[in-house]
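Visitor: Pasting the sequence and the predicted coordinates here, then a few questions.
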Amino acid sequence: MSSLRDRMMSKTADVRAAKDITIEPQEKPSSPRTAPGMAGALAAAQQRIVELEKSGSPSELPVKDIVPNPWQPRQVFNEAKLGQLAESIREAGLVQPIVVRRAGSGYQIVAGERRWRAHRMIGKEVIKVVIIELSDEEMAMLALVENVAREDLSDYEVARSIRRAEKEFPNRKRMAEALGMSRSELYRFLAFGELPDFVIEDLNVQPRLIGSHAAEAVVSVLRDKNSRAFEIARSLWRKVVSGELDQTKLARALKVAIEGDGSEVTSVSDRSIEKIFSGKNQAGSITKDAVGFTVKIKAGMLSHEKEHRIRTLIAELFSNSQNDTN
């Protein structure tokens with residue numbers, strides 16, 4: 001039963017050693033997920049999984065008796081890809097069993113939640129499993145290490161999982177070591193837990209609205225502030241949600257508004273953004289503010305013909321601009 005081991009090995013195959021990684025002085029890693037420390041954490045997790053799989057027992061279990069890993073960071077699963085996996089399982093069966101542990105009267109998933117969800121999607125009643133014995137701390141650590149290393153996971157999803165797993169570790173120092181990150185990086189993720197409730201409510205629906213650096217900066221600005229500051233934050237946050245304000249600029253805008261008379265909140269309203277759609281997909285946007293009128297279109301949405309038509313239209317508009325102003 002090497003599926004989980006193989007996945008962990010593939011994750012570390014291309015990770016360079018610390019001595020081989022060069023970081024320019026002016027640049028900082030955007031996330032600890034590819035840091036050298038994470039390579040060590042993944043390697044340790046890989047070794048532990050090898051040991052667990054050797055002691056595990058293959059079996060089949062009712063799908064209804066299994067529940068997801070309570071420390072699973074992922075909130076959103078790609079329905080299209082899940083559907084493809086489900087069809088593959090329907091046609092060829094499950095090639096790689098999922099890994100579970102006993103929990104109460106049922107079982108919890110250690111690895112393989114997508115395969116389990118795919119079985120539910122097509123109405124399968126049983127699923128192939130490998131049953132292992134695992135402590136809560138190891139369960140939490142393996143889930144975190146595997147998922148924190150994934151680039152497609154949002155910072156908020158990682159933060160939620162860290163919060164849920166925190167009580168399983170004796171202290172934050174031990175938790176940071178298990179994840180292969182510094183304590184300052186860990187605290188950055190924990191900052192999500194100090195954001196206002198109205199921010200958290202939106203993040204539960206759209207977890208990519210704000211990153212860990214921006215979240216930590218907002219928490220710092222709001223620390224020990226009064227209700228007026230939180231009302232200003234609510235107004236500015238609405239503009240982040242609507243796309244009128246970049247999340248990386250939220251903390252600065254909030255600081256300026258709090259220290260002033262709140263006028264910064266209203267000044268952003270002079271800016272309007274209209275989204276451009278091609279079918280159900282967003283193709284770009286049109287932004288108008290005091291500075292200018294900007295049209296942005298995703299390169300992948302433009303054919304050569306469409307690009308030519310846009311350029312021609314712009315040229316015609318401005319070739320006649322002198323007549324329009326006379």
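Guide: On my side now, so go ahead. Residues are numbered from 1 along each chain as shown.
Visitor: what about stretch 83-99, average pLDDT?
Guide: Across stretch 83-99, the average pLDDT comes to 88.
Visitor: low-scoring stretches of the stretch 101-250 of the chain, by residue?
Guide: Of all residues in the stretch 101-250 of the chain, those with pLDDT under 70 make up the ranges 146-152.
Visitor: got the contact list for the residue minimising distance to the centre of the chain?
Guide: Per Cα atoms, centre = their mean, the C-alpha nearest to the average position across the chain is that of residue 154, at 1.0 Å. The contact partners of residue 154, taken as Cβ atoms under 8 Å, 6 or more residues apart in numbering, are 207-208. The C-beta positions use only the backbone N, C-alpha and C, and glycine is treated the same way.
Visitor: now it: how far from residue 206?
Guide: Taking Cβ to Cβ, to the nearest Å as the measure, residue 154 falls 9 Å from residue 206.
Visitor: now do residue 251
Guide: Per Cβ to Cβ, residue 251 is found 19 Å from residue 206.
Visitor: more crowded one of the two?
Guide: residue 251 (22 against 12; other Cβ atoms under 10 Å).
Visitor: Now that one: closest residue in space, sequence neighbours ignored.
Guide: residue 217 (3.5 Å; Cβ to Cβ, 6 or more residues apart in numbering).
Visitor: That neighbour is in what secondary structure piece?
Guide: Using DSSP states H and E, residue 217 falls within helix 212-222.
Visitor: what's the next secondary structure element after that helix?
Guide: Using DSSP H and E, the first helix or strand after helix 212-222 is helix 227-242.
Visitor: who's in contact with the next helix or strand after that next one?
Guide: Next in sequence after helix 227-242, counting helices and strands by DSSP H and E, comes helix 250-259. Residues from elsewhere that reach helix 250-259, judged by Cβ under 8 Å, 6+ apart: 210, 214, 217-218, 220-222, 225, 228-229, 232-233, 236-237, 240, 245, 263-265, 268.
Visitor: Please pick the buried ones from those residues.
Guide: 210, 214, 217-218, 221-222, 229, 232-233, 236-237, 240, 245, 264-265, 268 (16 or more other Cβ atoms under 10 Å).
Visitor: and which of those is nearest to residue 195?
Guide: residue 218 (6.6 Å; Cβ to Cβ).
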